[in-house]
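S.K.: pasted the sequence and its predicted model underneath.
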Amino acid sequence: MKLAQELARDLLRIKAVQINPENYFTWTSGIKSPIYCDNRITMSFPEIRKKITLAFIEKMEYLDIKPDIIAGCATAGIPHAAWLADSLNLPMVYVRSKPKGHGKGNQIEGYQVEGKKVLVIEDLISTGGSALEAVEALEKAGAIVVYVLSIFTYGLEKATVNFEQVNLNFQSLTNYDELIEGLEADGKLDAFQKSALIEWRNSIKI
C-alpha cells in the first residue's frame, strides 16, 4: 500500500478526517461538506505523527532547494513543524495568523528569518489561504520561502490557482482522492457515493 493511501486510512481511523456522504458537515465558512478534517488529533497518536514526520522528510528529499528553517503555521502546523525540525536538526519558527496585539507585536516567533530559505508546514490545504498568509508574513520579514508541505488537501482548484499566482509550489502527504480510493477499496463506499463525493469537490468554487 502506498504511503498516501496508508496515511489517509490512518487519518480516518483516528477520526482526524471524517467523511459522511449522506449528512454533510458545515464548515466555518458556511459551506456544506461531506468531509471534515482536524489534523490536531494526530498529536495524540505517536505512531501516526512519526509516520507524518518521516513522510515530510521523504518529500523533502526531492526538493531542489534545501531549507535553512522549518516554519509551522499556527496552530495545527506548529507541532508537526517542531517534530520535523527536530528530526532534521534545523531551526524552527512559527507564524501567527496575525501579529500579536501586545508585547513586541510579533507575527513570526523564533529566530530571525531574513535571508534564510524556509519550508512552511501546514496541516491542511483547502484554498491555501492561511498557508499563503504565512508565506507573505515570512517574505515581508526577508525570508525566501522555498516550498509549502501539508498533511492533507481537498484538492480544490482554488488552491492550485492561489499558489500559481504567487509562483510557489505545494504538496500534501495525502489527499481527498486517496481517501476516496481507500474507502472504495475497503468496501466502505459504493460507486454512487464515490461519484457524489468527487462531484462535490469539483463543484466547490470559493
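M.R.: Arrived safely, thanks for sending.

S.K.: where do the helices of the protein begin and end?
M.R.: For the chain, applying DSSP state H gives helices covering 3-13, 46-60, 77-88, 129-140, 157-165, 176-185, 191-203.

S.K.: where does pLDDT dip in the protein?
M.R.: For the chain, the stretches flagged by pLDDT under 70 are 1, 100-105, 206.

S.K.: which among the helices of the chain is found nearest to residue 67?
M.R.: helix 46-60 (7.7 Å; C-beta to C-beta). No exception for glycine: its C-beta is placed from N, CA and C like everyone else's.

S.K.: the helices of the chain into JSON lines, with extra columns for distance to residue 151 and mean neighbour count?
M.R.: Shown next, in JSON lines, are the helices of the chain (distance: least, C-beta to C-beta, whole Å; neighbours: other C-beta atoms under 10 Å):
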{"stretch": "helix 3-13", "distance to residue 151": "8", "mean neighbour count": "19"}
{"stretch": "helix 46-60", "distance to residue 151": "6", "mean neighbour count": "16"}
{"stretch": "helix 77-88", "distance to residue 151": "7", "mean neighbour count": "21"}
{"stretch": "helix 129-140", "distance to residue 151": "12", "mean neighbour count": "20"}
{"stretch": "helix 157-165", "distance to residue 151": "14", "mean neighbour count": "15"}
{"stretch": "helix 176-185", "distance to residue 151": "12", "mean neighbour count": "20"}
{"stretch": "helix 191-203", "distance to residue 151": "18", "mean neighbour count": "13"}
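
S.K.: so for residue 115, which of the ones you listed sits nearest?
M.R.: helix 129-140 (11.7 Å).

S.K.: list the contacts of that closest one.
M.R.: Defining contact as C-beta atoms under 8 Å, 6 or more residues apart in numbering, one finds that helix 129-140 is touched by 71, 73, 95-97, 107-108, 113, 118, 120, 122, 125, 145, 148, 150, 162-163, 166, 168, 170.

S.K.: in strands, which of these appear?
M.R.: Those of the contacts of helix 129-140 mapping onto strands are 71, 73, 95, 108, 118, 120, 122, 125, 145, 148, 150, 170, per DSSP state E.

S.K.: so which of those comes closest to residue 81?
M.R.: Closest approach between those and residue 81, by C-beta to C-beta: residue 71, at 6.3 Å.

S.K.: what pairs with that closest one across the strands?
M.R.: Residue 71 has these beta-bridge partners by DSSP bridges: residue 93, residue 120.
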